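A.B. asks: sequence unknown, structure follows:
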């Protein structure tokens, strides 16, 4: 997801040696120089924020450090230049520090994510934070008059009720023996939500484990255009995850260990990544989508090793599905998630 990439893009500017290589490789930026990487982050940020005047897309980056922590000016300067990072020194021992950081996150996500940071540990010295906010209306809005209460068949909680929306339009779609997919465009069609429904024999968990970047590109390249009906439940999805284990499995283990080298952040002592917190909010209704994401990288000091005939298709999303919100031209993935049970609150 984009938010995680931007947070680690900033961290990359402080990493050295094998730690730098590990972060760069997980971000799939091999073969690019550091300047090319920074320029690509800056260019993409400007592109996404200016791309569609019918879509609100905002991205913000910040650096927070304890006021006793001797952070290198060069690290601050490069992240200000390429990531437009806001920089603040705080007394991390002050109980108000958590509220100040959470206040920044709440402001940048239009109050959709209010309390992402639960505490500041005594040995924490720095936080790198990315926040993204997205609000867009469907190109083909769902008529509220056609929204009805329908069954949704969960994998482990039986049959539940949902608010099922309906629309019929000319859309990009794909069907094969493994899954069905449809793309719903926003605004001027630069931003889209692609919804993927695995076949009835495949669980959403099993599908996600096999659906990789190559599968995603293959899907996009093989979609057809046709007139179809989409039945999609309204939902609000809120998710929070500590990403340490996932990132370590992907090859970033050294950054979380006593061997981490972030000597381009601080020279006086060694630091490592202690937590990566990722939180998202996605609301989908008849008018469109509102979404937010936040990623926080926490650093600590190292103290020890550590169908009907007239339609081409019909897709009814009445069982767990996967969604991806993305930008068409750059193929940038903004948000993604699975809906095992579509929950809605007025």
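C.D. replies: Cool, the structure landed. This one's a predicted model, so the numbers in the text were calculated from it and none came from an experiment. Numbering: from 1, shown residues only.

A.B. asks: buried residues, stretch 209-227. List them.
C.D. replies: Taking 16 or more other Cβ atoms under 10 Å as the neighbour-count basis, stretch 209-227 is seen to contain the buried residues 211, 216, 219-220, 223. In this view, the C-beta of every residue, glycine as well, is placed from N, C-alpha and C.

A.B. asks: can you put those residues in JSON lines and add distance to residue 316?
C.D. replies: Shown next, in JSON lines, are those (distance: Cβ to Cβ, whole Å):
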{"residue": "211", "distance to residue 316": "20"}
{"residue": "216", "distance to residue 316": "23"}
{"residue": "219", "distance to residue 316": "19"}
{"residue": "220", "distance to residue 316": "22"}
{"residue": "223", "distance to residue 316": "18"}
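
A.B. asks: any idea which of these is the one closest to residue 52?
C.D. replies: residue 220 (18.5 Å; Cβ to Cβ).

A.B. asks: tell me the secondary structure for the closest one?
C.D. replies: helix (DSSP: H, G, I helix; E, B strand; the rest coil).

A.B. asks: how close does the residue nearest to residue 228 when sequence neighbours are not counted get to residue 133?
C.D. replies: Nearest residue to residue 228, sequence neighbours excluded (Cβ to Cβ, 6 or more residues apart in numbering): residue 313, at 4.0 Å. For residue 313, the distance to residue 133 equals 32 Å [Cβ to Cβ, to the nearest Å].

A.B. asks: now do residue 111
C.D. replies: Taking Cβ to Cβ as the criterion, residue 111 is separated from residue 133 by 10 Å.

A.B. asks: the two: who's more crowded?
C.D. replies: Regarding residue 111 and residue 133, a neighbour count based on other Cβ atoms under 10 Å identifies residue 133 as having more, with 22 against 12.

A.B. asks: and for residue 335, the neighbour number?
C.D. replies: For residue 335, using other Cβ under 10 Å, the count is 22.

A.B. asks: check which helix or strand it maps to.
C.D. replies: strand 333-339 (DSSP states H and E).

A.B. asks: how about residue 65?
C.D. replies: Here residue 65 is covered by strand 55-66, with elements defined by DSSP H and E.

A.B. asks: for that strand, packing partners?
C.D. replies: Secondary structure elements in contact with strand 55-66, counted by 3 or more Cβ pairs under 8 Å, 6 or more residues apart in numbering; DSSP states H and E, are helix 2-12, helix 34-50, helix 73-83, strand 86-90, helix 96-108, strand 124-137.

A.B. asks: tabulate these (CSV), appending mean pLDDT and distance to residue 258.
C.D. replies: Listed next are the helices and strands packed on strand 55-66 as CSV, based on pLDDT from 0 to 100; distance: least, Cβ to Cβ, whole Å:
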stretch, mean pLDDT, distance to residue 258
helix 2-12, 97, 17
helix 34-50, 96, 25
helix 73-83, 98, 21
strand 86-90, 98, 26
helix 96-108, 98, 26
strand 124-137, 98, 15
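
A.B. asks: these: which one's closest to residue 201?
C.D. replies: Ranking the helices and strands packed on strand 55-66 by proximity to residue 201 (Cβ to Cβ) places helix 2-12 first, at 31.5 Å.

A.B. asks: from the rest of the structure, what touches that closest one?
C.D. replies: Counting by Cβ atoms under 8 Å, 6 or more residues apart in numbering, helix 2-12 makes contact with 20, 23-24, 26-27, 34, 37-38, 41, 45, 59, 61, 63, 79, 82-83, 85, 128-132, 243, 255, 262, 273, 276, 278, 293-297, 332-335, all of which sit outside it.

A.B. asks: low-confidence stretches in this protein?
C.D. replies: For the chain, the stretches with pLDDT under 70 are 303-310.

A.B. asks: now do the buried residues in stretch 26-42.
C.D. replies: By neighbour count on 16+ other Cβ under 10 Å, the buried set for stretch 26-42 is 26-27, 29, 37-38, 41.

A.B. asks: and stretch 197-206, by the same measure?
C.D. replies: Across stretch 197-206, burial judged by 16+ other Cβ under 10 Å covers 197-198, 204.

A.B. asks: what's the closest of these to residue 150?
C.D. replies: Ranking the buried residues of stretch 197-206 by separation from residue 150, with Cβ to Cβ as the measure, puts residue 197 on top at 15.0 Å.

A.B. asks: in what helix or strand does that closest one lie?
C.D. replies: Element membership of residue 197, judged by DSSP H and E, is strand 191-198.

A.B. asks: what comes into contact with that strand?
C.D. replies: When contacts are defined by Cβ under 8 Å, 6+ apart, strand 191-198 is touched by residues 51-52, 55, 57, 134, 136, 178-186, 204, 206-207, 211, 219-220, 230, 232, 284, 289, 315, 317, 319-328, 334.

A.B. asks: what pairs with that strand, parallel or antiparallel?
C.D. replies: Each strand paired with strand 191-198, and its direction, by DSSP bridges: strand 179-185 (antiparallel), strand 321-327 (antiparallel).

A.B. asks: residue 319 - how many residues pack around it?
C.D. replies: When neighbours are defined as other Cβ under 10 Å, residue 319 has 17 of them.

A.B. asks: many thanks, I have nothing further to ask.
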